[in-house]
Every structure is written in C-alpha cells, then in structure tokens.
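In: Please find the sequence and the predicted model below.
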Amino acid sequence: MRIAVLALQGAFIEHEQMLQRIGVETFEIRNLKDWQQPKDGLILPGGESTVQMRMLSQLGLYDPIREAIHDSLPVFGTCAGMILLSEGYLGTMDIHVRRNAYGRQLGSFHTVGTVEGIGNDIPMTFIRAPYIESVLSDDCVPIACIDGHLVAARQRNQLAISFHPELDHDPRIHQFFLQMNQSRF
C-alpha cells in the first residue's frame with residue numbers, strides 16, 4: 001500500500017512517520033508531477049486551510065485531487081484537512097465546519113474520547129481545531145463527539161476528524177483509514 005501525503009504546509013511529516021511506523025509506504029505531494037504517481041490513498045494534514053487551498057489552486061492540484069476523491073480515492077483529512085473536504089472548499093464531503101471553533105492556540109487541549117468503529121479510549125489533541133457544525137446528508141455519518149460537538153465523520157471513501165492523531169502514539173485511526181482503503185478493492 002502506498003499513501004500520498006499533501007506536503008504543502010502543516011503537520012505532514014508526523015502523518016508520514018505514523019504510517020511508516022505501521023509499515024506503510026508514503027510519499028509527499030508538493031506539485032502536479034508528484035500527484036501523478038500511483039497511490040492508494042491521500043492524507044490532507046492539519047495546518048492552515050486558507051494557505052493550503054490557495055496553494056492547491058496555484059499548483060494545479062485542486063481539480064485533480066477533487067476528481068480523485070469523487071472517483072473513490074480514499075482520503076483522510078485532519079483538522080485543516082477536514083476543512084478542505086468540507087462544503088465551500090473541495091466540497092467532497094457533506095459537512096459544514098466551523099473553523100478555529102475551539103479558539104486560539106491557547107484554547108488547544110488534549111482529551112480521550114470514543115470514535116465509533118475504533119475505540120472508546122482514543123487520544124485526541126485539538127489545536128485551534130474546527131468542529132462539524134452540520135452534516136448535510138445521510139451519506140455522511142458522524143463517528144465522534146466531544147462536549148456536544150461533532151469532531152469526526154465518515155462518508156464513503158472519506159474520513160474527516162478535527163483533532164491530530166498523528167501527534168499521539170496511538171495508530172488506530174490511521175489503521176482505520178487503511179482498512180477503509182483496503183475495503184475498496
């Protein structure tokens with residue numbers, strides 16, 4: 001299995017390290033030539049969603065990535081990556097998100113919670129995190145809630161979460177994404 005990691009900005013290295021720890025080959029997407037390599041899935045990391053969207057457009061990656069997701073390429077978006085998947089951005093996932101919902105950097109926090117289908121003791125690190133304000137179709141299934149806010153959802157080939165599993169040592173969310181990937185073959 002070979003997973004592409006968008007490496008324009010944000011926490012991409014940590015995703016690569018997590019995947020390599022569990023024996024998965026990764027490569028970085030920095031331009032259209034990188035994108036054209038064979039891949040079994042894509043990770044959209046945390047970072048700054050406005051900067052990432054601007055760079056996707058400038059580098060000619062916006063349309064190819066959007067089309068690949070619509071064509072069932074498995075994709076995993078964390079924090080800013082969740083924003084990229086949402087309505088008003090790539091628009092591939094039927095969610096509306098609230099950016100920086102937990103406030104500034106000082107509002108960042110760590111907790112443990114339940115993610116449906118994964119476990120009830122999942123470490124969750126939130127850094128200026130968004131949350132899902134609304135789910136826009138029955139195709140999109142919420143899978144985690146913290147303090148009354150939706151923080152993770154799944155829709156067909158897409159997994160979106162508010163927090164940063166790549167910053168913790170627990171590989172289960174990445175493994176869940178890989179299982180989603182394998183089930184499409």
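Out: Noted; the coordinates are in hand.
In: Mind jotting down where the strands sit in the chain?
Out: Ranges of strands in the chain, per DSSP state E, are 2-6, 25-29, 41-44, 75-78, 95-98, 109-115, 119-126, 131-135, 141-146, 149-155, 158-161.
In: Redo those strands as a markdown table? Include mean pLDDT and distance to Gly60.
Out: From N, CA and C alone the C-beta is placed, and that goes for glycine too. Shown next, in a markdown table, are the strands of the chain (pLDDT from 0 to 100; distance: least, CB to CB, whole Å):
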| stretch | mean pLDDT | distance to Gly60 |
| --- | --- | --- |
| strand 2-6 | 98 | 14 |
| strand 25-29 | 98 | 12 |
| strand 41-44 | 98 | 16 |
| strand 75-78 | 98 | 18 |
| strand 95-98 | 95 | 25 |
| strand 109-115 | 95 | 34 |
| strand 119-126 | 96 | 32 |
| strand 131-135 | 97 | 29 |
| strand 141-146 | 97 | 32 |
| strand 149-155 | 97 | 26 |
| strand 158-161 | 98 | 22 |
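In: Of all these, which one is nearest Arg172?
Out: strand 119-126 (6.0 Å; CB to CB).
In: For that closest one, give me every contacting residue.
Out: 102, 108-115, 144, 146, 151, 162-165, 167-170, 172-173 (CB atoms under 8 Å, 6 or more residues apart in numbering).
In: Just the buried ones among these, please.
Out: The neighbour-count test (16 or more other CB atoms under 10 Å) marks 102, 113-115, 144, 146, 151, 162-165, 167-168, 170, 172-173 as buried among the contacts of strand 119-126.
In: which of those residues sit farthest apart?
Out: Tyr102 and Arg172 (22.6 Å).
In: Next, the distance between the ends of stretch 124-132.
Out: 16 Å (CA to CA, to the nearest Å).
In: from the chain's centre, how far out does it sit?
Out: Put simply, stretch 124-132 sits 12 Å off its chain's centre (CA atoms, centre = their mean, to the nearest Å).
In: Please apply the same query to stretch 37-48.
Out: On CA atoms, centre = their mean, the centre of stretch 37-48 falls 8 Å from that of its chain.
In: Can you dump the C-alpha atoms of it in PDB for me?
Out: The C-alpha trace of stretch 37-48 is given here as PDB (Å, rounded to 0.1, in the frame of the first residue of the first chain):
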ATOM      1  CA  GLN A  37       2.400   8.900  -9.000                       C
ATOM      2  CA  PRO A  38       0.400   5.800  -8.200                       C
ATOM      3  CA  LYS A  39      -1.300   6.000  -4.800                       C
ATOM      4  CA  ASP A  40      -3.800   4.000  -2.800                       C
ATOM      5  CA  GLY A  41      -5.000   6.900  -0.600                       C
ATOM      6  CA  LEU A  42      -4.400  10.500   0.400                       C
ATOM      7  CA  ILE A  43      -3.900  12.300   3.700                       C
ATOM      8  CA  LEU A  44      -4.800  16.000   4.000                       C
ATOM      9  CA  PRO A  45      -2.900  17.200   7.100                       C
ATOM     10  CA  GLY A  46      -3.600  19.900   9.600                       C
ATOM     11  CA  GLY A  47      -2.100  23.300   9.100                       C
ATOM     12  CA  GLU A  48      -3.800  26.400   7.700                       C
END
